[in-house]
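S.K.: here is a sequence together with a model predicted from it:
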Amino acid sequence: MITKKDLGTNIADNFEKILIDKKMTIPEVAEKMGRTRCAVHLFLSNLRVGKGGNIPTICKYSEALEVSPYDLYGEYKLIPLKPRGE
């Protein structure tokens, strides 16, 4: 069974891999999202301990990275990614 911590760690790891692949920095992602770099770091830290990471937020981060949300979910792609109400 997938735990929230496993899923969050996977998303955070994929986020960092995508940053490297795209030669982007956390401050660049933060600027695209209108957030501070501290907010992005906090998001990643929270993911690693199993907090946060709701679908709309994952979608916003994937947009800033210019990738599909599925790219952030990586090996756990079987999870539906359409936020409720859309």
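M.R.: That came in fine, so what should we check first?

S.K.: where does pLDDT dip in this structure?
M.R.: Scanning the chain for pLDDT under 70 picks out 76-86.

S.K.: could you pull out the helices in it for me?
M.R.: Listed in chain order, the helices of the chain (DSSP state H) span 4-21, 26-33, 37-48, 55-65, 69-73.

S.K.: okay, buried residues for the first one please.
M.R.: Of the residues in helix 4-21, those buried by neighbour count under the rule 16 or more other Cβ atoms under 10 Å are Leu7, Gly8, Thr9, Asn10, Ile11, Ala12, Asn14, Phe15, Ile18. Every residue, glycine included, has its C-beta placed from N, CA and C.

S.K.: just send the residues you listed back as JSON lines, with distance to Leu44 too.
M.R.: Shown next, in JSON lines, are the buried residues of helix 4-21 (distance: Cβ to Cβ, whole Å):
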{"residue": "Leu7", "distance to Leu44": "13"}
{"residue": "Gly8", "distance to Leu44": "9"}
{"residue": "Thr9", "distance to Leu44": "10"}
{"residue": "Asn10", "distance to Leu44": "12"}
{"residue": "Ile11", "distance to Leu44": "9"}
{"residue": "Ala12", "distance to Leu44": "5"}
{"residue": "Asn14", "distance to Leu44": "11"}
{"residue": "Phe15", "distance to Leu44": "6"}
{"residue": "Ile18", "distance to Leu44": "12"}
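
S.K.: Glu75: which of the residues you listed is nearest?
M.R.: For the buried residues of helix 4-21, the residue nearest Glu75 by Cβ to Cβ is Asn10; the value is 6.5 Å.

S.K.: center of the protein - which residue?
M.R.: The centre of the chain sits closest to Ile58, judged by Cα atoms, centre = their mean, with a distance of 4.7 Å.

S.K.: what is the neighbour count of the closest residue to that residue other than its chain neighbours?
M.R.: In this structure, Ile58 finds its nearest non-sequential neighbour in Pro69, 5.3 Å apart by Cβ to Cβ, 6 or more residues apart in numbering. The number of residues packed near Pro69 is 21, by other Cβ atoms under 10 Å.

S.K.: need the contact list for Pro69.
M.R.: Pro69 makes contacts with Ile55, Ile58, Cys59, Ser62, Leu81, as judged by Cβ atoms under 8 Å, 6 or more residues apart in numbering.
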